[in-house]
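> Give me the fold of what follows.
(one chain, ligands or ions: 1)
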Amino acid sequence: MVERANKPKLPTLTSTPGLPPQATVTFADDNSSVTAELPTGESVKVLLYGATVISWKDAAGDEKLWLSEAAKLDGSKAVRGGIPIVFPVFGTAPDHPQTKDLPQHGFARTSRWEFLGKSTSESMAGRAADEPMVKLDFGLSSAAPGLDPKAAQHWPFKFNLIYSVTLSRESLTTSIVATNDDSAPFDCQVLLHTYLRVKDITTVSITGLQNATYIDKAKTTITAETDRVYTPSPPEADVTVLEKDAPRFRVARDNLAQVVVWNPWVDKAAGMADFAPKDGYRQMLCVEPGAVAGWQSVEAGDAFEGAQTITLVG
Ligand SMILES: O=P(O)(O)OC[C@H]1O[C@@H](O)[C@H](O)[C@@H](O)[C@@H]1O
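Residues are numbered from 1 along each chain as shown. Below is the predicted model:
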């Protein structure tokens, strides 16, 4: 059950005698972000701007996501790093009448979302209290005060988005439900633009894409700019990111048929004002589960749902 937050600032949770301590959920002083920490030390931090996950740390405090040192976190620009949400268009779609005027990657990442509440192991069905986990829920609708004005201007549908970020000891799940509250169908694309942190991109390999068909938006290997939209086969095949042949991240997808693999490399990183340090492309690899080949047509009253679970392995 989701506990509703009725105050902008949540107190630190205390444990019930006899039960393991729960996760703590705290707000930044300026209410710009919410951080959840498990009693075992793992943590996740979500900026309300874009509902962008900007940090995911393991129990040792090691960061698992890449965030540019020059990323704007003040709501002036989509965040360069973490997990921005791409909706309702991937890239731009000049030939698609419904989304042709929207900015690159849509407006979800440039809108301020509302924090809806949290759930912990103790309140989640089927979860033992000794398997600590915490789920944070965020919402954005066509009526939200934080909606990027470009949305209402260029995508005049009534919609409701719920984004859930679930942290457990070994994994992070992010899931989105996009509901059509309009009287007409709309088309959308969805993508979870995950910037994984790696030690050295030259030692990174990826499995799970061997049988995948792909559209190459750039070059071919991660020894150069890489920008590929894969459609793995079978559709639900896991994708694993390895470093020096040792598995590091396993990415499972639910109803997200594509995986975009992106690394800007030297020239493109140099050209992005919010990309720092300039050789930061060596420490990142975007592995982005999405539904971006063609369009998801969502009927009035219907919803599209998709999710990723990134599990730390090795
Ligand atoms: O600079 P943006 O808008 O965050 O986009 C970054 C990249 O996002 C990737 O998902 C796209 O495949 C790339 O083509 C794009 O360059």
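> Does the closest residue to Asp216 other than its chain neighbours lie in a helix or a strand, and which?
Leaving aside its sequence neighbours, Asp216 sits nearest to Arg228 (C-beta to C-beta, 6 or more residues apart in numbering; 5.3 Å). Where C-beta positions appear, they are placed from N, C-alpha and C, glycine not excepted. Per DSSP states H and E: Arg228 is located in strand 226-231.
> Against which helices or strands is that strand packed?
With contacts taken as 3 or more C-beta pairs under 8 Å, 6 or more residues apart in numbering; DSSP states H and E, strand 226-231 sits against strand 213-216, strand 258-263, strand 284-298.
> Tell me if that strand is near the ligand.
Yes: using C-beta under 6 Å from any ligand atom, strand 226-231 reaches the ligand at Asp227.
> tell me the angle that strand makes with strand 284-298.
Following axes from the mean of the first three to the mean of the last three C-alpha atoms, to 10 degrees, one obtains 40 degrees for the angle between strand 226-231 and strand 284-298.
> Can you tell me what sits against strand 226-231?
Residues from elsewhere that reach strand 226-231 (C-beta atoms under 8 Å, 6 or more residues apart in numbering): 209, 212-220, 257-263, 265, 292-293.
> do that again at 7 Å, thanks
Around strand 226-231, the neighbours that count as contacts under C-beta atoms under 7 Å, 6 or more residues apart in numbering are 209, 212-219, 257-263, 292-293.
> contact partners of the following helix or strand past that strand?
Using DSSP H and E, the next helix or strand after strand 226-231 towards the C-terminus is strand 239-243. Outside strand 239-243, the residues within contact range by C-beta under 7 Å, 6+ apart are 196, 198-199, 203-209, 232, 247-251, 259, 285, 287.
> just the CA coordinates of strand 239-243, formatted as CSV?
Extracted as CSV, the C-alpha positions of strand 239-243 are listed here (Å, rounded to 0.1, in the frame of the first residue of the first chain):
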residue,chain,number,x,y,z
VAL,A,239,21.2,-7.6,-21.3
THR,A,240,24.3,-7.8,-19.3
VAL,A,241,27.1,-5.2,-19.1
LEU,A,242,30.5,-6.7,-18.3
GLU,A,243,33.8,-5.1,-17.3
